[in-house]
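J.: Predicted model follows, preceded by the sequence.
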Amino acid sequence: MKTLAERIDFLISQREALEKWVGTYDEAILRQWLRAEIGDERRLESWVAGSRAVARGPVLHIVSGNTEHAAFQSVFRAILIGCESWVKVPSAGLAEFEKWAAGVAGLDVRRVLPEQWRAPEVAIIYGGAETLTFFRDWLSPGTRITEHGPKLSAAFVFENRKGLAEDLAEDIMRYGQRGCLSVQMVYFRGDVPRFCADLAAALERYLAENGREEPDFSEAGGVRNERELTRFRIANGANLQMWESAESVDWTVVLDGEDIKLRAGPLSGFVRVVSMPESLTPDKLGPEIDYLSTAVLEPISAADQLDLIAPPRICAPGKGQEPGIFWHPDGEMPLAGLVRWRDLG
């Protein structure tokens, strides 16, 4: 796939497998995306107005096991630009990605990290703090590193509506709440206890209709610990209420009337709901606001209300896990980081 046209034709041929992970696209959309990030896409193959964009490579993609989205999206971008790619997947594998990648030229996918991969031109790393620390030390000093570390997402509801709880259940529960796009807190304006009851019922229905992602031992233990702590605090007069799945750790809703600061939970469908403050500011939401990935917003027309916390992405309820092809992960331009520029003059 030496030419841009060949790469676009290949990606078009793979839409059935890829659109689930990267969003819908066609040739016009791919070319529009390129123009948005590098200007005239012809620069990938020839001089245009005194400049040319050269694909960097090799590109090392380090992807976590939370969901397969990162692997598909990161490699998709590299294919479009024309980069050689090395992909380190978790030791347990990424079944769907590995099956697809096996038939793609220019992809080298490994579960065990080869020593000879220390010096890629670019490394794109998705993972936790320990993963980031390891690769900062392990990679060559000359490697350009783009990091996508631990993040969380939250919902901000200024107006309730019919079907909202069901949409938020999708944003919370899909992929076992393990991705950075999964909602872990809800800021709600209105009758918070009633909304919590509606959300609890929606989570129960979601699992009945879609099944569940089995929590690992750590996640299940974390949920049980949080539930016990919440019960203890309620017994001691704390302004908390809790709804929970019966005889399981499938889902938990905690109404927290004491602390509105954004914070991560133990996953496995655990969500905190708090009253919407009069204004949303970093001081009120606390230091974790720096790690907010997506703000799920109802109504979407209230985007100006989030200006002071400036989330990298805002979307409508039910769309949290579907960022679309033009998404800028963590506010970065992903295609622009895969090229280096040459200039005439």
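T.: In hand now; what should we look at?

J.: OK, contacts around residue 233?
T.: Going by C-beta atoms under 8 Å, 6 or more residues apart in numbering, residue 233 touches residue 240. Every residue, glycine included, has its C-beta placed from N, CA and C.

J.: Pull out the buried positions in the helix or strand where it lies.
T.: Under DSSP states H and E, the secondary-structure element containing residue 233 is helix 217-235. Within helix 217-235, the residues that count as buried by 16 or more other C-beta atoms under 10 Å are 219, 220, 222, 223, 226, 227, 230, 233.

J.: Averaged pLDDT, that helix. What do you get?
T.: Helix 217-235 carries an average pLDDT of 94.

J.: repeat for stretch 336-345
T.: The average pLDDT within stretch 336-345 is 95.

J.: Could you pull out the strands in the stretch 1-150 of the chain for me?
T.: Ranges of strands within the stretch 1-150 of the chain are 51-55, 59-62, 85-88, 107-110, 122-126, 144-148, based on DSSP state E, counting those that start in this stretch.

J.: Identify whichever of those lies nearest to residue 336.
T.: Of all these, it is strand 51-55 that lies closest to residue 336, at 8.8 Å by C-beta to C-beta.

J.: Could you name the helices and strands sitting against that closest one?
T.: Secondary-structure packing of strand 51-55 (3 or more C-beta pairs under 8 Å, 6 or more residues apart in numbering; DSSP states H and E): strand 339-343.

J.: For the strand it packs on, list the C-alpha coordinates in CSV.
T.: Listed next in CSV are the C-alpha coordinates belonging to strand 339-343 (Å, rounded to 0.1, in the frame of the first residue of the first chain):
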residue,chain,number,x,y,z
VAL,A,339,4.3,13.0,10.0
ARG,A,340,7.4,15.1,9.9
TRP,A,341,7.6,18.1,7.6
ARG,A,342,10.0,19.0,4.8
ASP,A,343,10.1,22.6,3.3
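
J.: That one: which residues count as buried?
T.: Buried residues in strand 339-343, counted by 16+ other C-beta under 10 Å: residue 339.

J.: follow-up on the earlier one: could the strands of the stretch 1-150 of the chain be laid out in CSV, adding distance to residue 290, mean pLDDT and mean neighbour count?
T.: Shown next, in CSV, are the strands of the stretch 1-150 of the chain (distance: least, C-beta to C-beta, whole Å; pLDDT from 0 to 100; neighbours: other C-beta atoms under 10 Å):
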stretch, distance to residue 290, mean pLDDT, mean neighbour count
strand 51-55, 31, 96, 18
strand 59-62, 22, 97, 26
strand 85-88, 27, 97, 22
strand 107-110, 33, 95, 16
strand 122-126, 18, 95, 24
strand 144-148, 14, 94, 17
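
J.: Please name whichever of those strands is nearest to residue 212.
T.: Among these, strand 122-126 comes nearest to residue 212, with 23.8 Å by C-beta to C-beta.

J.: CA atoms only for the closest one, dumped as CSV, please.
T.: Extracted C-alpha coordinates of strand 122-126, given in CSV (Å, rounded to 0.1, in the frame of the first residue of the first chain):
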residue,chain,number,x,y,z
VAL,A,122,7.3,7.3,17.4
ALA,A,123,5.7,5.4,20.4
ILE,A,124,2.0,5.8,21.1
ILE,A,125,1.2,4.5,24.6
TYR,A,126,-2.2,3.6,26.0
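
J.: Walk me through which strands that strand pairs with, and which way each runs.
T.: For strand 122-126, the pairing partners within the sheet under DSSP bridges are strand 59-62 (parallel), strand 144-148 (parallel).

J.: Of the strands of the stretch 1-150 of the chain, give the one that comes closest to residue 195.
T.: Comparing the strands of the stretch 1-150 of the chain against residue 195 with C-beta to C-beta, the closest turns out to be strand 144-148 (31.7 Å).

J.: what's the angle between the closest one and strand 339-343?
T.: Relative orientation of strand 144-148 versus strand 339-343 (axes from the mean of the first three to the mean of the last three C-alpha atoms, to 10 degrees): 140 degrees.

J.: Going toward the C-terminus from strand 144-148, what's the next helix or strand?
T.: Using DSSP H and E, the helix or strand that follows strand 144-148 in sequence is strand 152-157.

J.: what would the strands paired with strand 122-126 look like in JSON lines with distance to residue 262?
T.: What follows is these, written out as JSON lines (distance: least, C-beta to C-beta, whole Å):
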{"stretch": "strand 59-62", "distance to residue 262": "26"}
{"stretch": "strand 144-148", "distance to residue 262": "19"}
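
J.: closest one to residue 312 among the ones you listed?
T.: strand 144-148 (10.9 Å).

J.: which residues are contacting that closest one?
T.: Under C-beta under 8 Å, 6+ apart, the answer for strand 144-148 is 56, 70, 121-127, 132, 135-136, 139, 180, 329-330, 332, 337.

J.: Please apply the same query to stretch 240-249.
T.: Stretch 240-249 is contacted by residues 193, 196-197, 199-200, 203-204, 207, 215, 219-220, 223-224, 227, 230-231, 233-234, 251-258, 268-269 when judged by C-beta under 8 Å, 6+ apart.

J.: can you do 7 Å?
T.: Residues from elsewhere that reach stretch 240-249 (C-beta atoms under 7 Å, 6 or more residues apart in numbering): 193, 196-197, 200, 204, 215, 220, 223-224, 227, 230, 233-234, 251-258, 268.

J.: And for stretch 274-291?
T.: Contacts of stretch 274-291 (C-beta under 7 Å, 6+ apart): 150-152, 158, 185, 187-189, 192, 256, 260-263, 305-306, 308-309.
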